[in-house]
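**Q** give the three-dimensional model of this entry:
(2 chains)
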Protein chains: 2
Amino acid sequence: MSKIAINNSTAFGGAISQADVDNLRSKALAAAATLENGDGAGNDFLGWLHLPSSITRDELNELQATADKLRRDCEYVVAIGIGGSYLGAKAVIDALSDSFAAYKKSNGPKVLFAGNNIGEDYIHELMGLVDGHPFGIIVISKSGTTTEPAIAFRLLKEQLERQQGRKFASGHIIAITDAARGALRGLATQEGYTTYVIPDNVGGRFSVLTPVGLLPIAVAGFDIAELVAGAVDIEQGGDEPMLCYAQTRNALYQAGKKVEILANFCPRLHNLAEWWKQLYGESEGKDGKGIFPASVDFTTDLHSMGQWIQDGERTIFETVITVESQSAKVVIPSDDDDLDGLNYIAGKRVDQVNKMAELGTRLAHVDGGVPNIVISLPALKERYIGQLIYFFEKACGISGYMLGVNPFNQPGVEAYKKNMFALLGKPGYEEATRAIQARL
Amino acid sequence: MSKIAINNSTAFGGAISQADVDNLRSKALAAAATLENGDGAGNDFLGWLHLPSSITRDELNELQATADKLRRDCEYVVAIGIGGSYLGAKAVIDALSDSFAAYKKSNGPKVLFAGNNIGEDYIHELMGLVDGHPFGIIVISKSGTTTEPAIAFRLLKEQLERQQGRKFASGHIIAITDAARGALRGLATQEGYTTYVIPDNVGGRFSVLTPVGLLPIAVAGFDIAELVAGAVDIEQGGDEPMLCYAQTRNALYQAGKKVEILANFCPRLHNLAEWWKQLYGESEGKDGKGIFPASVDFTTDLHSMGQWIQDGERTIFETVITVESQSAKVVIPSDDDDLDGLNYIAGKRVDQVNKMAELGTRLAHVDGGVPNIVISLPALKERYIGQLIYFFEKACGISGYMLGVNPFNQPGVEAYKKNMFALLGKPGYEEATRAIQARL
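**A** This is a model prediction of the structure:
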């Protein structure tokens, strides 16, 4: 069976050497042991660690049956969630979808996202799109009171009940929430929604392989058993790849490389980088520390951020996701006039040119003082995406412990919420409201 | 007439003071004078400076007539270009479009983009989408030999001729290229394409108000006269806003704020940030210098990068684009049970909540040591987007000169291309081919 692989050989020679990476070996092993032993900070959020191998065939079948019902009855399915309740599903669906899927007929519902922002035009336009069409809702919220998804759910639930009747609505709203507590659990019980559980010990950014990610991905028509099998491949394949990534990026950070740019040469991976940014940014960006996670889509952004990367401050490194083979085959045609001078690559597949752009970029960036780490995927298929997800999750846990932070909390996310509640006059925030009003 | 506005008051108190910004006044004025006098580095690329006011009604009418023809005859129009020949049109079209436009019927063609990557699946999927449908092509390339757009154009031109006949093709391919030289100019003359000129003195990242951006924007159904009028508003409105932005960001950079995050609270602005990244990244990222441009979409990314921004390394600042009013109106409904606890905001518009999220975020980030600059737009309309474009362009020229670089070249972009040509064995690169093969 093929697997993703990591290669850090182009990270050496400038800012760091192989020895710098090797010197972090014991620290990395200690971090991995801390994860495995569950005796580090945030150890009540380690449910993701052996999650893949714990998922049963029955659980997957049950999710698939729910997905099949939504696929049969709905033209659209709106997944409502924010942060980890949005990014994982979005990343996987986009990585596996036709880039022009939105414009094309499909043999299942279109999966849309809401509750991931507070855009008034956005929700209006979404409600206009599903107006008059049978649609389903997957509402994902641990508490059921997170502002963004709660607003979207109130609006879309009302629309669905009005439009398709309460019976259809209660049969086509799926709630993914706390096992026992919270507003959404209460509502689901009252209305008889099908429900799935967000485990207590799995944080949002590690939740893509729970029903949070798996249900929307299954509704979009992708093979969740293969996705999970891919994660198991890495969970059970030994820590070497994750240690390599964690050691290399920490060595680079210590050497003054403050920004990690996740680069791809495959437009479908744009949102995988967004998922990765949450995973690493939220896990490591605390206590005044942490590599700043950024991303680029190449070759597009070689004509944008490329100049900065080549010649700007030498405080960056790149992690490049390379996809070995494409699903489609497009050959560059020959042209009698050859005005554009492309005949020298006529007969080649487009991807062969892309691969040379990629190799040429790697050489140019390394020459320019930008260390590169390369992660290769055999193809954009469920199996390898599952491998990549678990790879990044485990490496993130190791890397965070190496950095000396709790990789599993996110105290900084509360700051804006608290201010927002105070400004909106939420009950219970009276004192904060008075304090914030005095500042304005 | 309403205008965009800049407010830097929340940039002070931590890393920099008002005095630090004031101290850069004379430097900023000198930079603006250098631009105006045309006696600085890169002064052969200042055609954008008084471009807006030089565009005539006749030129706009002529572009509109071409756009109308494509709108009448085509279901899809593919704009082929990369870098500045892609990002400007994409940014403006997205900022003005329904977020779900791809899923909806429209009264004109869908504008799609190609030649902005070398994704084999991407071009295959695009060719599948337009298969059997009348489509048009806007091909944008100064030379006609840039690899990415040249490959896409070869493939799509062949498909269009095969599918709709050579007569339809030559009537519905528009070439935007050099006035006299180059492969695309030659082909356009030979085939009788309608053509528009990329002025010699306007670099790609400053070209959105030339036909490069205006034609695709007009084809998408937006008012290019208003867009240009907005740019004129700022071109002729005095330099104060641009000086303010250039001084503030340079003061922050000098104080160790190495990353500028362009933030929005309006999902439609995602690609405006991508355009901005090219503008600033490519203009300033050179000679080992330059603020690293990054971007976030809030509140989405408050549940992703929010943690890092609040608590990570204190080397960042934010520039927030705020949109004062939304086009749609959506009121949060009341609910008898109020299980989600949202009744305290029932009756409010969604945007009122978004505005409190925005204000709450600003206060939280400033408290957390992240200086904020705020740029406000009255609404997402052509006029204000035009204002914003010229604002950012002019401020970029000033800021680049303040930094001491040539803001109008991009020497670093050649590095990957040279390697790619060598690896692909392009005629004329024989020596480079031998050298690079020896490295592998």
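
**Q** now stretch A:19-26: buried residues?
**A** Buried residues in stretch A:19-26, counting neighbours by 16 or more other Cβ atoms under 10 Å in any protein chain shown, are found at A:20, A:21, A:24. C-beta here means a position set from N, CA and C on the backbone, and glycine is covered the same way.

**Q** who are the contact partners of residue A:312?
**A** For residue A:312, the contacting residues are B:281, B:284, B:285, B:286, B:288, B:289, B:290, B:292, by Cβ atoms under 8 Å, 6 or more residues apart in numbering or on different chains.

**Q** are any of those buried, and which?
**A** B:281, B:284, B:285, B:286, B:289, B:290, B:292.

**Q** run a quick neighbour tally on residue A:44.
**A** 12 (other Cβ atoms under 10 Å in any protein chain shown).

**Q** nearest to chain B within the stretch 151-300 of chain A, name that residue for me.
**A** Of all residues in the stretch 151-300 of chain A, the one sitting closest to chain B is residue A:285 (2.7 Å; Cβ to the nearest Cβ).

**Q** excluding chain neighbours, what is closest to that residue?
**A** Leaving aside its sequence neighbours, residue A:285 sits nearest to residue B:308 (Cβ to Cβ, 6 or more residues apart in numbering or on different chains; 2.7 Å).

**Q** what's near enough to touch the one you found?
**A** A:281, A:282, A:284, A:285, A:286, A:290, A:292, A:293, A:412 are the contacts of residue B:308 under Cβ under 8 Å, 6+ apart.

**Q** mind checking which of the residues you listed are in strands?
**A** A:292, A:293 (DSSP state E).

**Q** which one of the contacts of residue B:308 is nearest to residue B:93?
**A** Comparing these against residue B:93 with Cβ to Cβ places residue A:293 closest, at 28.0 Å.

**Q** so which helix or strand takes in residue A:308?
**A** helix A:306-311 (DSSP states H and E).

**Q** quick one: mean pLDDT for that helix?
**A** For helix A:306-311, mean pLDDT is 98.

**Q** and the next element down the chain from that helix?
**A** Tracing the chain past helix A:306-311, the next element assigned as helix or strand by DSSP H and E is strand A:316-325.

**Q** measure the most centrally placed residue in chain A to residue A:293 for me?
**A** By Cα atoms, centre = their mean, chain A has its centre lying nearest to residue A:275, at 2.3 Å. Counting by Cβ to Cβ, to the nearest Å, the gap from residue A:275 to residue A:293 is 11 Å.

**Q** likewise residue A:49?
**A** 22 Å.

**Q** between the two, tell me which one has more neighbours.
**A** residue A:293 (27 against 20).

**Q** for that one, name its beta-bridge partners.
**A** Residues in a beta bridge with residue A:293, per DSSP bridges, are residue A:260.

**Q** list the contacts for it?
**A** A:259, A:260, A:262, A:276, A:277, A:280, A:281, B:305, B:308.

**Q** would you agree the first one is in contact with residue A:295?
**A** So that's residue A:259. No: Residue A:259 lies out of contact with residue A:295 (Cβ atoms under 8 Å); the separation is 10.6 Å.

**Q** helices of the stretch 151-300 of chain A, start to end?
**A** With DSSP state H, counting those that start in this stretch as the definition, the stretch 151-300 of chain A shows helices at residue ranges A:183-191, A:211-219, A:224-235, A:240-254, A:270-284.

**Q** out of the ones you listed, the one nearest residue A:43 is which?
**A** That would be helix A:270-284 among the helices of the stretch 151-300 of chain A, by Cβ to Cβ, at 14.2 Å.
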